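Colleague: would you be able to build a 3D model of this:
(one chain, ligands or ions: 1)
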Amino acid sequence: LTNKVPVDCPVSFDLSAFAPTWLPQSILARLQNPDFDALVAIGSVGGLLTALALYLHRRSRFPPLVPYTNPVYGSTREYAEKPKEFLNAAFDKYGPVFRANILGRDQVILDHDYAQLLFTLLGKGLDHEQGVIDLQYFDVIIKLGSQHHLHDSGKMILKYLNPASPSYETYGPIVQLVYQKAFKEALEKMNEKNSIDVEDPFDLCKKCLADAMASVIVGVDLANDKDITWVFINVSEVVAEMGGLEGHGSLASILPFYGRLHAYYVMKVRQVMKPYKTVLRAKVGAEINRRMALRQTVTEQQWKEIRPHDVLQGLLEEHGFGSGAIKVDDFMGKIENMLLFVIFAAIHGTAVALSWVLYLVATDSAYQKQIYDELTDLVNGTDDASGLTPSVLKSAKYLDSFTREVLRWRPDCLSPTPRKAMKDLTLPNGYIIPKGMLVTHVFYRTHVNNEKQNCEDSKEFRPWRHVGKPAATSVNVSNSFLTFGVGKTACPGRYLATYEIKLFIALLVSRYKMSLPKGITVDQPGFTFQAPPSGTITFKQRALEDILL
Ligand code: HEM
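Modeller: Numbers count the residues shown, from 1 in each chain. This is a model prediction of the structure:
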């Protein structure tokens with residue numbers, strides 16, 4: 001290097017004046033050499049300027065950032081107060097792609113034209129699982145509640161809880177019995193006007209779904225066990241609480257560092273999932289032993305008649321049930337985490353969606369009349385309690401359209417399942433999404449876009465708009481209906497979820513007229529999960545001769 005230094009270089013600095021004295025003499029001497037100083041100075045400044053220019057050039061291609069003043073909260077508070085307004089204003093100002101600092105990190109938020117990239121770029125630079133892991137409340141579930149990945153739970157659901165599964169139809173009567181029992185307990189203490197006010201129907205929705213899910217997953221007998229009910233009702237609540245789902249702006253949801261600490265260490269020390277796992281292990285373990293013992297005592301034919309139709313039995317058969325090969329401890333170790341994740345995925349989200357459908361049905365007697373008339377044709381006067389199986393309810397076009405319309409129209413916050421950029425990605429408009437950033441979208445931006453919806457009034461709630469459109473049922477995911485996602489990661493539980501929702505409404509409408517004396521309120525807007533509505537619903541029993549089911 002020194003050989004190439006020009007002898008009469010005009011600029012020179014004595015860099016040794018800035019050098020720490022503990023440096024070896026040989027280096028200090030070099031720094032004192034005026035020719036060497038000049039080269040170093042010019043080289044360093046040039047290098048720094050080049051690096052700065054490259055850095056600024058790269059950053060100038062990042063999507064615009066919604067400015068914020070508080071470095072701790074970023075835009076989280078503004079967003080949490082009025083998510084829809086915040087997002088609309090940002091899209092108006094910055095266009096279809098922008099960044100906002102929400103939940104303690106910059107996130108790229110995509111409008112309708114770009115939202116599909118979240119699904120098409122999966123595995124090509126965007127990662128689904130890393131995205132949800134990065135949001136700390138999913139860390140809580142995945143790292144502590146379940147070591148199994150989302151996809152394992154997804155595969156299990158797809159196998160046992162979709163219409164192509166041989167046992168799918170058998171879930172219908174099970175869910176109906178659960179609902180009817182719950183309605184009896186909650187709604188049959190009528191006043192003299194044959195009506196009852198239910199202050200918080202969300203609890204009823206959640207209880208029904210938890211009991212139904214327990215019956216479908218671990219079986220009817222076990223679902224009646226109080227401890228199992230406790231697990232199914234509380235897991236989603238505890239996880240929600242832990243991760244700050246219910247506490248907008250909770251420390252864990254604002255400071256990613258604290259959130260992670262909270263998830264990995266505080267929760268690990270407290271082992272909040274342990275009681276649930278202990279109950280699952282003890283009760284489900286005993287149930288497996290009981291089934292294995294029973295199987296030994298009956299013939300093949302008898303077993304066919306009494307074989308339980310639940311997911312647990314399917315999993316057992318996959319693992320060698322009947323051949324005596326199942327070691328209960330190993331088996332439980334494998335599935336208890338998966339069960340915990342499914343319980344969370346299945347109950348909270350569906351209860352929120354169901355409560356919205358219920359409230360919106362209750363807003364207008366004309367809606368109820370339409371659904372009631374359709375059901376009358378469907379059940380054709382029968383009082384068969386198990387009549388509304390999934391395939392029968394499939395013909396209820398108005399009820400299905402209503403359900404899809406609520407799922408289309410309501411979700412107005414950020415998606416709960418963002419993606420993570422695993423490398424720098426260049427969008428069609430030239431913006432760069434830097435490696436490591438979360439990328440997400442807002443359902444309603446796609447759902448209220450006229451072009452995407454192929455209609456003029458997509459902002460309005462029109463419950464019958466999907467009737468007569470076979471490609472627009474409540475389970476038909478597409479680029480214009482994203483509530484359940486689309487493509488490879490689309491929600492595998494949507495068949496069960498929509499069946500549970502429709503059956504709940506059908507059974508209520510067939511028996512009661514509903515009204516909302518004080519209207520609907522939403523206590524807290526949704527953050528990354530749609531918030532449930534609240535407000536009293538009055539259930540008035542129909543005249544005895546009008547009760548359908
Ligand atoms: C109305 C109720 C529900 C809604 C709105 C909903 C929505 C979603 C969404 C948006 C995703 C992620 C899609 C993506 O990021 O690409 C998802 C994934 C998932 N959902 Fe649902 N879901 C509901 C009910 C259920 C139910 C009842 C179950 C279980 C029976 C379930 C199990 C799952 C699982 C396991 C995944 C992860 C799939 C994977 O990554 O492979 N969901 N759901």
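Colleague: which residue does the chain have closest to the ligand?
Modeller: Of all residues in the chain, residue 493 sits closest to the ligand, at 2.0 Å by Cβ to the nearest ligand atom. The way it works is simple: take the backbone N, C-alpha and C, and place the C-beta from them, glycine included.
Colleague: let me see the contact set for the closest residue to that residue other than its chain neighbours.
Modeller: Among residues not flanking residue 493 along the chain, residue 157 sits closest, at 5.2 Å (Cβ to Cβ, 6 or more residues apart in numbering). Applying Cβ atoms under 8 Å, 6 or more residues apart in numbering, we find residue 157 in contact with 342, 492-493, 496.
Colleague: is it possible to get a markdown table of those that adds pLDDT, neighbour count and distance to residue 276?
Modeller: Formatted as a markdown table, those follow (pLDDT from 0 to 100; neighbours: other Cβ atoms under 10 Å; distance: Cβ to Cβ, whole Å):
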| residue | pLDDT | neighbour count | distance to residue 276 |
| --- | --- | --- | --- |
| 342 | 80 | 25 | 13 |
| 492 | 89 | 24 | 22 |
| 493 | 91 | 21 | 20 |
| 496 | 93 | 26 | 21 |
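Colleague: export those to JSON lines and tack on secondary structure?
Modeller: Shown next, in JSON lines, are those (DSSP: H, G, I helix; E, B strand; the rest coil):
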{"residue": "342", "secondary structure": "helix"}
{"residue": "492", "secondary structure": "coil"}
{"residue": "493", "secondary structure": "coil"}
{"residue": "496", "secondary structure": "helix"}
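Colleague: and which of those is nearest residue 532?
Modeller: For these, the minimum distance to residue 532 (Cβ to Cβ) is 18.1 Å, reached by residue 493.
Colleague: contacting residues around the residue nearest to residue 200 when sequence neighbours are not counted?
Modeller: Of all residues not flanking residue 200 in the chain, residue 534 sits nearest, at 6.5 Å (Cβ to Cβ, 6+ apart). By Cβ under 8 Å, 6+ apart, the contact list for residue 534 reads 200, 202, 520-523.
Colleague: please report phi then psi for the nearest residue to residue 397 once chain neighbours are set aside.
Modeller: Distances taken as Cβ to Cβ, 6+ apart put residue 467 closest to residue 397, at 5.0 Å, once the chain neighbours are dropped. Here the main-chain torsion angles of residue 467 (degrees, to the nearest 10) amount to phi -60, psi 140.
Colleague: next up, the contacts around the residue nearest the centre of the chain.
Modeller: Centroid-nearest residue in the chain, with Cα atoms, centre = their mean: residue 416, separated by 4.9 Å. Residue 416 sits next to 132, 135, 349, 528-529 when contact means Cβ under 8 Å, 6+ apart.
Colleague: swap the cut-off to 6 Å and go again
Modeller: With contacts defined as Cβ atoms under 6 Å, 6 or more residues apart in numbering, residue 416 is in contact with 528-529.
Colleague: immediately after the helix or strand bottoming out on mean pLDDT in the chain, which helix or strand?
Modeller: In the chain, no helix or strand scores lower on mean pLDDT, DSSP states H and E than helix 136-139, which sits at a mean of 53. Per DSSP states H and E, the first helix or strand lying C-terminal to helix 136-139 is helix 150-160.
Colleague: tell me the buried residues in that following helix?
Modeller: By 16 or more other Cβ atoms under 10 Å, the buried positions in helix 150-160 come out as 150, 152-154, 156-158, 160.
Colleague: one more: stretch 353-368?
Modeller: For stretch 353-368, a neighbour-count test (16+ other Cβ under 10 Å) marks 353-362, 367-368 as buried.
Colleague: in helices, which of these fall?
Modeller: If you go by DSSP state H, these have 353-362, 367-368 in helices.
Colleague: dump those to TSV, plus pLDDT and distance to the ligand.
Modeller: Converted to TSV, those look like this (pLDDT from 0 to 100; distance: Cβ to the nearest ligand atom, whole Å):
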residue	pLDDT	distance to the ligand
353	95	4
354	97	7
355	96	11
356	96	9
357	98	9
358	98	13
359	97	15
360	97	14
361	98	15
362	98	18
367	98	19
368	98	21
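Colleague: next up, the contacts around the residue nearest to residue 440 when sequence neighbours are not counted.
Modeller: Distances taken as Cβ to Cβ, 6+ apart place residue 418 nearest to residue 440, at 3.8 Å, with adjacent residues excluded. Taking Cβ under 6 Å, 6+ apart as the contact definition, residue 418 lies against 131, 438, 440.
Colleague: ok, now with 10 Å
Modeller: 103, 105, 107-109, 118, 126, 128, 130-132, 134-135, 138, 437-441, 528 (Cβ atoms under 10 Å, 6 or more residues apart in numbering).
Colleague: before we move on, back to that, show me which of the contacts of residue 534 are buried.
Modeller: Among those, those buried by neighbour count (16+ other Cβ under 10 Å) are residue 202.
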